[in-house]
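Trainee: need coordinates for the below:
(chains A, B, C and D)
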2 protein chains.
Amino acid sequence: MNQLTRGELARQGQVHIETIRYYERRGLLPKPPRSHSGYRIFSREDVRRVRFIKRAQELGFSLKEIKELLALQIEPHTSRAAVRQRAEAKIADIDQKIKTLRAMRENLARLVAACSGRGPICGCPILRGFEQEEEAE
Amino acid sequence: MNQLTRGELARQGQVHIETIRYYERRGLLPKPPRSHSGYRIFSREDVRRVRFIKRAQELGFSLKEIKELLALQIEPHTSRAAVRQRAEAKIADIDQKIKTLRAMRENLARLVAACSGRGPICGCPILRGFEQEEEAE
DNA sequence: CTTGACCTTGTACCTGGCTACAGGGTGTAG
DNA sequence: CTACACCCTGTAGCCAGGTACAAGGTCAAG
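Mentor: Okay, here's the model as predicted:
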């Protein structure tokens, strides 16, 4: 029961069945072992990978970047220092994304506050104070 | 000096000049006023918008979603309750993204820790413990 | 021993988000 | 008054990330 077909993997991973083949071609999923008749055989681990990919995409990572993220866990034969360095770089990327999302959230929260108040219809400054934190360390 | 041409807006917004026209077509930038000779006239506000769009994209929002985000600030003639409700929905989306990014960061941090230790080469479980928080409230 | 729902491969197509022309007008510097 | 760097419109092309066949093989249920 830890043996999944492509269709089952697609269902459990919540993606189109052809997407599985596409990810395999793109190197995001490892070439799976095959049954005697040539059917691909996937595992629960693959389900995890597919979900990871979808989630990472929703966060603005490209398939290329996601492949790099996944590679971090795959290659334990690489120098640990190298893996660590790349992981740290990804963490920095993520921190930046979180920071920007927080600023965005702040602005929306202000908007909500403005719309809850009484006064005249709100000026709704979503964009305001949202740009100087560009490359500002 | 608050009058920008398309080229200047593109430079200040850090996008390709044709992208400006594209955003206008897609309704992400309002139809700008024109000079006597037909040149588009933009403002600093437009620079803010362009940057907002780029940043939101990096965070995984589609142009369609970004248009909705921007619409929140544009239409103060809509019922405040309605605007507020949509803003709150967006905030929920953003919170979800932040949550997922944090989980991702956690896993990478664990990886870094593992790679810094001595022991045998790390098993590197980036994906582990990363799936049950799917729709789990 | 056939039907139906799966699987295989290869290849073509689609959508989103740009990006690049072609063919022409504008505007300021020398 | 001509260069040159900009602007205009329309339309075509490009890349990423899928999706959709067609033509055929597999397998469990009846």
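Trainee: which parts of chain A are helices?
Mentor: In chain A, the segments counted as helices under DSSP state H are A:6-13, A:17-26, A:44-58, A:63-74, A:80-116.
Trainee: in CSV: the ones you listed, plus mean pLDDT, mean neighbour count and distance to chain B.
Mentor: Glycine gets a C-beta too; all of them are placed from N, C-alpha and C. Converted to CSV, the helices of chain A look like this (pLDDT from 0 to 100; neighbours: other C-beta atoms under 10 Å in any protein chain shown; distance: least, C-beta to the nearest C-beta, whole Å):
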stretch, mean pLDDT, mean neighbour count, distance to chain B
helix A:6-13, 97, 18, 10
helix A:17-26, 98, 16, 14
helix A:44-58, 95, 18, 5
helix A:63-74, 88, 17, 4
helix A:80-116, 88, 17, 4
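Trainee: DNA strand C is nearest to which of the ones you listed?
Mentor: DNA strand C lies closest to helix A:6-13 among the helices of chain A, at 2.6 Å (C-beta to the nearest atom of the strand).
Trainee: can you list contacts of the closest one?
Mentor: Outside of helix A:6-13, the residues within contact range by C-beta atoms under 8 Å, 6 or more residues apart in numbering or on different chains are A:4, A:16-17, A:19-21, A:39-40, A:42, A:46-47, A:50-51, A:54.
Trainee: which pair in these spans the largest distance?
Mentor: Using C-beta to C-beta, the contacts of helix A:6-13 span at most 23.5 Å, a distance reached by A:39 and A:54.
Trainee: please name the nearest non-neighbouring residue to residue A:105.
Mentor: Nearest-residue entry for residue A:105: residue B:94, 4.8 Å, with adjacent residues in sequence omitted and distances by C-beta to C-beta, 6 or more residues apart in numbering or on different chains.
Trainee: list the contacts of the one you found.
Mentor: Taking C-beta under 8 Å, 6+ apart as the test, what residue B:94 contacts is A:101, A:104, A:105, A:108.
Trainee: if I look at the closest residue in space to the second one that isn't next to it in sequence, how far off is residue B:69?
Mentor: Counting by C-beta to C-beta, 6+ apart, residue B:94 is the residue found nearest to residue A:104 once chain neighbours are left out, at 6.0 Å. If you measure residue B:94 against residue B:69 using C-beta to C-beta, to the nearest Å, the figure is 10 Å.
Trainee: what would the helices of chain A look like in CSV with distance to residue B:28?
Mentor: Supplementary listing: the helices of chain A in CSV, determined by distance: least, C-beta to C-beta, whole Å:
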stretch, distance to residue B:28
helix A:6-13, 32
helix A:17-26, 28
helix A:44-58, 20
helix A:63-74, 24
helix A:80-116, 16
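Trainee: residues in contact with stretch A:25-33?
Mentor: A:20, A:23-24, A:40-42, A:46, A:49-50, A:53, A:63, A:66-67, A:70, A:74.
Trainee: correct me if wrong: residue A:102 contacts residue B:95.
Mentor: No: judged on C-beta atoms under 8 Å, residue A:102 makes no contact with residue B:95 at a distance of 10.0 Å.
Trainee: what does chain A put close to DNA strand D?
Mentor: Counting by C-beta under 7 Å from any atom of the strand, chain A comes close to DNA strand D at A:15-16, A:18-19, A:21-22, A:26, A:35-39, A:53, A:57, A:62-64.
Trainee: among the residues you listed, which ones lie close to DNA strand C?
Mentor: Within the residues of chain A next to DNA strand D, those near DNA strand C by C-beta under 7 Å from any atom of the strand are A:18, A:21, A:38, A:39.
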